[in-house]
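[1] Got a sequence here, can you build the structure:
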Amino acid sequence: MTEDDLENFKKKLLETMSFPSVYMYKFIVDADNRKIALLESFFGEDADIHTKASGHGKYISITAKEVVMHVDEIIAIYRKAAEVKGVMIL
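    Modelled structure (predicted):
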């Protein structure tokens, strides 16, 4: 995601959400334990995180639900996730 993408996304979130709110993040990443652990580390201990392997086990989908107090918390997670090589942000 580019900075422009993130800014546009932030505007849409501000138009459609109220805070605090539960937000659901979705990612797809190679079945690499280091990448999975890194993505999971972006969330607090109260986050509800689920992983699911693809049919052949090559990829893992990660779904995380977490209470956020402000839109900037959501954007910060996406910025970190974008730095993980090979991650697909949904």
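[2] can you pull the contacts of residue 89?
    Shown in contact with residue 89 (Cβ atoms under 8 Å, 6 or more residues apart in numbering): 1, 26, 27, 78, 81, 82. (Each C-beta comes from the backbone N, C-alpha and C, glycine too.)
[3] Filter the residues you listed down to just the buried residues.
    The neighbour-count criterion (16 or more other Cβ atoms under 10 Å) marks 27, 78, 81 among the contacts of residue 89 as buried.
[4] how far away is the last one from residue 89?
    Applying Cβ to Cβ, to the nearest Å, one obtains 6 Å for the distance of residue 81 from residue 89.
[5] who touches both of those two?
    With Cβ under 8 Å, 6+ apart as the test, residue 81 and residue 89 both reach residue 27.
[6] Regarding the residue in the chain sticking out farthest from the centre, what is its secondary structure?
    The C-alpha centroid of the chain is most remote from residue 56, which lies 22.8 Å away (Cα atoms, centre = their mean). When classified by DSSP: H, G, I helix; E, B strand; the rest coil, residue 56 comes out as coil.
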